[in-house]
Structure formats: structure tokens, C-alpha cells
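Trainee: the amino acid sequence is not available; the structure is as follows:
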């Protein structure tokens, strides 16, 4: 079937994008804060036990994130004055309220990320999906005092209705379609796609490819170098995607810190949030999606 959500738009044919302060690359750090069910399989480091319930090996590995990893990451974010763009499962609001409080103290941006990361978005009928989305958005708004502007589906899953249903709830952008280096309008009134990354993502790099910390830092540097070169005439977006149960294991922490230091110290970078990228694009490009 034909994809009706967005049109083909080659990046060389678009009007230039200009970021604040003359920056060439708008960069945000996507911090995934997630809740997993103990009796369902999900992201795993060892497939051999992934079908068991319970699965202490893989569940415990994931549970390291909210218990330990996020607090290590917060130290680095604070050190380099990075305001996180948090991909937030709504169940986190009840299960790990200390993390939400820490984020409120730091004015993090809150991006709705489904109810939990054991339940995918695909396959829901219209009524069930509308109810679920409203519940997720309302729960996050109640816990944070701010209605989410953006959405990332669990494992980037959607139905064909998801963007339109999110627009009904007042959201303005989705991160699920990783096919561009710039924001662009969807064929849904009021909705944008904002770049996210499957490749510059600790799940892909550390779990999928088992890369070392120094290799990770080099990849971050190479990503920024190329996007900075590409942006001579029109700005680009760079997303660095982190999951605290992966990136903030003790032996990786110093490399995550090095990567954040590189981004924060680069003169051509607007280190911001996905919310601010979407807002700036709409405001300055004069495009109401």
C-alpha cells in the first residue's frame, strides 16, 4: 500500500532552516525512562531466557536503569548543563516518582512514550487506541504539570491512526519515523515528524553491535562532524538516544560523559530539546504542519 502519512521531500529541495544563534546543528539528548512488565519479554541482552516468566537475567538488566543508571546519567547531564528530552512511559509516573521529581527540578522536556515498554502500539483498534493515548497523555500531564508536545511509541510502534489521534489530544510531533535530518510536516493537520535515531542509539550500538566505549565516542563525534558539514546552507538535527540500563553501566559511563562534553562544547551546536526544535521549526519556517 502507498504511505499516505508523509510525502517524498528530498532535503536538497527545501527552504533553508536556521537555528538560534547561528548554530548549524540542533542537538537533543533523548533519555528513555521506561517501565517493563516482569512477565513479558522485551529488549534483552541474552535471548536464551527472554521467553521465560519471570526472566531475572533480562528483567534485572533492564531494571538497572531506574534503580542506578539514571542517577549516574543525571550527574553527567548536570555537569554539562544538558536538559534532557525524556521519552517517558506513563507508568513511570507511578512506579518511579523520584525520577520524575528529579526531572521537574531540572525542567526536562517530557515526551509521551506509551504506557510501558512491554506493550507495543501496533494492532490496537481505534477505540482502544484513543483510550490508551488519552490515558498516557493525561497521566504524564498530571505528574509533570505539563501536557506532552511529542510522542515516541514503545519500540517506535504506531498504528496508521496514531498521529491523527495524537493531534486530537493536542500533541504536535512524533519521533517514530527516523527517515530525515530535519523536521518535516506530516499529512496530518498540526503534526510534524522530528528526527530521532535508531543508529545513534545505545541499543543498536552497545547491544546490537557490542561496540566499545571509545568506539561510541568516535561515532558521536563523526555524526556531528558530518551533520555540521551538511548544514552549511540549512540546519540539521542530531539525536543522541540513551537508555540508562545500557549507556550508564559503570564501564561505559565515562564514555557517555565524554560524548556529552563534546556536544556541549561544540560551537556549532544548539543543545536543546525535541520540544524546542519542533517549536522553532514551526515558528521560523512559517509552516503550520
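Mentor: Everything's here; your move. This one's a predicted model, so the numbers in the text were calculated from it and none came from an experiment. Residues are numbered from 1 along each chain as shown.

Trainee: on the three-state scheme, the most centrally placed residue in the chain is what?
Mentor: By C-alpha atoms, centre = their mean, the chain has its centre lying nearest to residue 30, at 4.0 Å. Local secondary structure at residue 30 is given as strand here, using DSSP: H, G, I helix; E, B strand; the rest coil.

Trainee: neighbours around residue 155, how many?
Mentor: 16 (other C-beta atoms under 10 Å). Glycine gets a C-beta too; all of them are placed from N, C-alpha and C.

Trainee: so what's it up against?
Mentor: Contacts here follow C-beta atoms under 8 Å, 6 or more residues apart in numbering; on that basis residue 155 touches 117, 120.

Trainee: let's see that with 6 Å instead.
Mentor: Contacts for residue 155 (C-beta atoms under 6 Å, 6 or more residues apart in numbering) come out as residue 120.

Trainee: any idea whether it is helix, strand or coil?
Mentor: helix.

Trainee: doesn't residue 216 make contact with residue 255?
Mentor: Yes - assessed by C-beta atoms under 6 Å, residue 255 is found in contact with residue 216 at 5.4 Å.

Trainee: least confident secondary structure element in this structure?
Mentor: The weakest-scoring helix or strand in the chain, judged by mean pLDDT, DSSP states H and E, is helix 274-285 (a mean of 95).

Trainee: buried residues in that helix?
Mentor: 274, 275, 276, 277, 278, 279, 280, 281, 282, 285 (16 or more other C-beta atoms under 10 Å).

Trainee: hang on, the fourth one packs against residue 27?
Mentor: Spelled out, that is residue 277. No - contact status for residue 277 versus residue 27: not in contact, 9.1 Å apart, counting by C-beta under 6 Å.

Trainee: how many other residues sit next to residue 25?
Mentor: Around residue 25 there are 25 other residues, counting by other C-beta under 10 Å.

Trainee: ok, now which ones touch it?
Mentor: Here residue 25 is in contact with 227, 228, 231, 236, 238, 268, 269 (C-beta under 6 Å, 6+ apart).

Trainee: what separates it from residue 238, distance-wise?
Mentor: Using C-beta to C-beta, to the nearest Å, residue 25 is found at 5 Å from residue 238.

Trainee: and what of residue 74?
Mentor: Distance of residue 74 to residue 238, given as C-beta to C-beta: 21 Å.

Trainee: more neighbours: which of these two?
Mentor: The neighbour count for residue 74 versus residue 238, taken as other C-beta under 10 Å, is higher for residue 238 (24 against 21).

Trainee: so the residue nearest to the more buried one when sequence neighbours are not counted: helix, strand or coil?
Mentor: In space, and not counting its chain neighbours, residue 238 is closest to residue 27: 4.4 Å by C-beta to C-beta, 6 or more residues apart in numbering. Secondary structure, three-state DSSP: residue 27 is strand.

Trainee: that older thread, okay if I get the buried residues of helix 274-285 as TSV plus distance to residue 149?
Mentor: What follows is these, written out as TSV (distance: C-beta to C-beta, whole Å):
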residue	distance to residue 149
274	8
275	5
276	10
277	10
278	7
279	8
280	12
281	12
282	11
285	17
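
Trainee: from these, pick the one nearest residue 56.
Mentor: Each of these was checked against residue 56 using C-beta to C-beta; the closest is residue 274, at 34.2 Å.

Trainee: residues contacting that closest one?
Mentor: By C-beta under 6 Å, 6+ apart, the neighbours of residue 274 are 28, 85, 150, 194.

Trainee: what about residue 51, distance to residue 35?
Mentor: 20 Å.

Trainee: quick one: which of these two has more around it?
Mentor: Counted by other C-beta under 10 Å, residue 51 and residue 35 do not tie: residue 35 has more neighbours, with 24 against 10.
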